[in-house]
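Colleague: fold the following, please.
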Amino acid sequence: MAAAGVLAMSPLVLGASSGAAASANTSAIVYAVHPIAVQATSSTSVAGLTPSQCIAQTGLACYDPQIFHTAYQIPWTINGSLAGTGEQIAIIDAYGSPTVASDLATFDAAFGLPPANLHVYYPSGQPAFNPQSANETGWAEETSLDVQTAHALAPGATINLIVAASAGGNDLNVAENYAVTNHLGNVMSMSFGAPEAAIAGGGNNLQLQQANAIYQQATAQGVSVFASSGDSGASNGYATANALFPASDPYVTAAGGTDLFVKADTATSSKGKGSSTGSTNGTYVSEYAWNDANPSTCPFGCDYGPFGATGGAPSSVFAAPSYQSGTGNPMRTTSDVSFNASVYTATMIYLGFLGGSNNGFYFFGGTSESSPSWAAITADLDQAAGGPLGAMNPRLYQLAAKPKTYAADFHDVTVGTNNFPSTTSAGFAAGTGYDLPTGLGTPIVTGLINSLAPGASYSLSQPLS
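Modeller: As a prediction, the model looks like this:
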């Protein structure tokens with residue numbers, strides 16, 4: 001277990017020049033998203049089937065917001081108000097989605113959620129959406145996933161979507177700086193990344209240094225910053241393990257992924273063959289480190305083969321911050337925490353920009369789900385605490401250093417690995433306490449509220465919309 005006795009952070013950017021900016025590497029960083037989706041067929045009633053019935057029909061579970069609220073004990077109301085009330089969540093994406101608002105409204109109607117308070121900002125102007133571009137449609141899918149996930153877990157919060165003109169480092173830095181400078185949320189989510197191995201100059205890269213300065217400024221303003229650990233295992237497609245940036249930045253909480261299992265979702269399937277009368281109330285059963293390439297942990301018969309695996313690796317850029325002093329690694333390591341991220345244990349998301357029969361609900365996965373989920377949970381925690389909690393890593397590691405609060409506040413994920421594909425040796429195993437694939441584990445939100453806001457009241461009952 002990592003000890004964390006102080007809240008201070010003193011990260012070192014390795015290789016960063018202390019001289020003039022001209023000495024820095026000016027190569028551009030190109031960020032990517034990796035939302036993973038399978039379309040639900042017309043015969044699959046998204047809101048009407050239990051997870052085990054979805055598994056029997058499709059080989060994939062279908063988790064709705066209520067499942068996540070129950071499994072992770074995320075309150076629906078806090079201090080008598082809808083969870084997230086009075087809070088703002090800043091979500092950073094590139095290109096955006098032309099149907100983000102209407103998609104969110106469809107999602108809300110399907111799952112009995114209240115209407116969302118959504119605002120969209122374009123700091124560099126609104127880009128023209130090209131539906132023929134796989135890159136832009138991927139970012140649009142990401143945008144829908146981010147917004148719908150955040151609203152599901154913090155339904156009372158205002159969602160501020162800040163859209164960058166492109167996926168380049170300069171444009172995303174502009175969007176992030178806009179969010180921080182204008183304080184568009186006490187929490188900020190970034191479900192994108194670039195492998196450190198792909199960043200020219202490493203810690204000497206000017207765009208990386210600029211991003212790091214933005215995250216430092218966010219921390220100084222009391223903003224909690226989250227990013228996805230990645231969906232291609234510890235190696236991110238390279239020969240050796242390397243972390244994903246910005247998740248590897250010490251001022252960012254890196255969110256990894258798991259397979260979440262709840263009561264009665266243990267059915268197996270052969271893509272539509274078989275049946276199930278199982279039901280579920282969402283009660284938490286167990287979790288594995290998400291890795292579809294591991295036959296022992298790929299769920300429900302693994303009908304579709306491997307979609308991906310959670311990131312989590314040592315950084316080659318940042319030294320270990322003080323809150324990770326107990327991990328035994330001299331370098332900053334990801335992940336810090338985790339959330340469900342498998343397509344096999346999917347969250348259901350609506351897409352309305354693909355056209356015709358391609359519009360509809362999709363089974364979604366990836367650590368793209370983890371970052372906005374933790375951002376929403378932190379908005380709920382801020383509400384409970386009556387103010388921003390700020391940088392979450394020092395607080396979370398401090399709670400995890402105490403056996404009593406660790407057991408009350410986290411699900412410790414101890415099964416699985418993140419070597420992906422399975423033939424690579426670049427990977428790490430989950431285990432007791434902190435580990436790289438899943439960090440400290442997944443949240444028990446009522447426990448976190450009791451620890452961080454002990455005077456708060458809450459309810460796990462979903463109010464009628």
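Colleague: is it true that residue 406 touches residue 396?
Modeller: No: Residue 406 sits out of contact with residue 396 when judged by CB atoms under 8 Å, with a separation of 9.9 Å. C-betas here are computed from N, CA, C, even on glycine.
Colleague: give me the common contacts of those two.
Modeller: Residues touching both residue 406 and residue 396 by CB atoms under 8 Å, 6 or more residues apart in numbering: residue 440.
Colleague: tell me which of these two has more neighbours.
Modeller: Set side by side, residue 406 and residue 396 show more neighbours around residue 396, with 28 against 20, by other CB atoms under 10 Å.
Colleague: show me what the host helix or strand of the more buried one is packed against.
Modeller: With elements delineated by DSSP states H and E, residue 396 resides in helix 392-400, which encompasses its position. Contacts defined by 3 or more CB pairs under 8 Å, 6 or more residues apart in numbering; DSSP states H and E place helix 392-400 against strand 253-262, helix 403-409, helix 445-452.
Colleague: which of those sits most buried?
Modeller: strand 253-262 (a mean of 30; mean count of other CB atoms under 10 Å).
Colleague: render the CA-only coordinates of that one in CSV, please.
Modeller: Extracted as CSV, the C-alpha positions of strand 253-262 are listed here (Å, rounded to 0.1, in the frame of the first residue of the first chain):
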residue,chain,number,x,y,z
THR,A,253,-5.4,11.4,-11.4
ALA,A,254,-4.9,8.5,-13.8
ALA,A,255,-8.0,6.4,-14.2
GLY,A,256,-7.6,2.7,-15.2
GLY,A,257,-10.2,0.1,-16.1
THR,A,258,-11.8,-3.1,-14.8
ASP,A,259,-14.4,-5.7,-15.5
LEU,A,260,-17.2,-5.1,-13.0
PHE,A,261,-19.3,-8.1,-12.0
VAL,A,262,-22.6,-7.5,-10.2
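Colleague: helix or strand right after that strand?
Modeller: Next in sequence after strand 253-262, counting helices and strands by DSSP H and E, comes strand 284-289.
Colleague: tell me which residues of that following strand come out buried.
Modeller: Using 16 or more other CB atoms under 10 Å as the burial criterion, the residues of strand 284-289 that qualify are 284, 287-289.
Colleague: any chance of a markdown table for the residues you listed, columns distance to residue 390 and pLDDT?
Modeller: Rendered in a markdown table, the data for the buried residues of strand 284-289 read as follows (distance: CB to CB, whole Å; pLDDT from 0 to 100):
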| residue | distance to residue 390 | pLDDT |
| --- | --- | --- |
| 284 | 28 | 95 |
| 287 | 27 | 97 |
| 288 | 31 | 96 |
| 289 | 28 | 98 |
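Colleague: residue 157: which of those is nearest?
Modeller: Distances from residue 157 to those, taken as CB to CB, are shortest for residue 284 (23.7 Å).
Colleague: how about that closest one, what does it touch?
Modeller: By CB under 8 Å, 6+ apart, the neighbours of residue 284 are 70-73, 260, 262, 411.
Colleague: lowest confidence element among the helices and strands of the protein?
Modeller: Ranked by mean pLDDT, DSSP states H and E, the helix or strand of the chain with the weakest confidence is helix 51-58, at a mean of 85.
Colleague: follow-up on the earlier one: okay, the helices and strands packed on helix 392-400 in a markdown table with distance to residue 381 and mean pLDDT next?
Modeller: A markdown table is the format used below for the helices and strands packed on helix 392-400 (distance: least, CB to CB, whole Å; pLDDT from 0 to 100):
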| stretch | distance to residue 381 | mean pLDDT |
| --- | --- | --- |
| strand 253-262 | 12 | 97 |
| helix 403-409 | 11 | 98 |
| helix 445-452 | 6 | 98 |
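Colleague: distance to residue 374 for the ones you listed - can I get that in CSV?
Modeller: Formatted as CSV, the entries for these read as follows, by distance: least, CB to CB, whole Å:
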stretch, distance to residue 374
strand 253-262, 5
helix 403-409, 13
helix 445-452, 10
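Colleague: longest helix anywhere in this structure?
Modeller: The single longest helix within the chain, with elements called by DSSP state H, is helix 134-153.
Colleague: helices and strands around that helix, which ones?
Modeller: If contacts are counted by 3+ CB pairs under 8 Å, 6+ apart, helix 134-153 sits against helix 65-71, strand 88-94, helix 100-111, strand 158-164, strand 345-351, strand 360-365, helix 370-385.
Colleague: what segments of the stretch 101-250 of the chain are strands?
Modeller: Listed in chain order, the strands of the stretch 101-250 of the chain (DSSP state E, counting those that start in this stretch) span residues 117-121, 158-164, 187-190, 194-195, 224-228, 244-245.
Colleague: sheet-wise, list the partners of the last one with their directions.
Modeller: Pairing partners of strand 244-245, with direction, according to DSSP bridges: strand 194-195 (antiparallel).
Colleague: equivalent analysis for the first one, please.
Modeller: Strand 117-121 has the following sheet partners, assigned by DSSP bridges: strand 158-164 (parallel).
Colleague: export the strand it pairs with to PDB, keeping only CA atoms.
Modeller: The C-alpha coordinates for strand 158-164 follow below in PDB (Å, rounded to 0.1, in the frame of the first residue of the first chain):
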ATOM      1  CA  THR A 158     -23.600  21.500 -14.700                       C
ATOM      2  CA  ILE A 159     -21.600  20.000 -17.600                       C
ATOM      3  CA  ASN A 160     -19.300  22.300 -19.400                       C
ATOM      4  CA  LEU A 161     -17.900  20.800 -22.600                       C
ATOM      5  CA  ILE A 162     -14.900  22.600 -24.000                       C
ATOM      6  CA  VAL A 163     -14.100  21.600 -27.600                       C
ATOM      7  CA  ALA A 164     -10.700  21.900 -29.100                       C
END
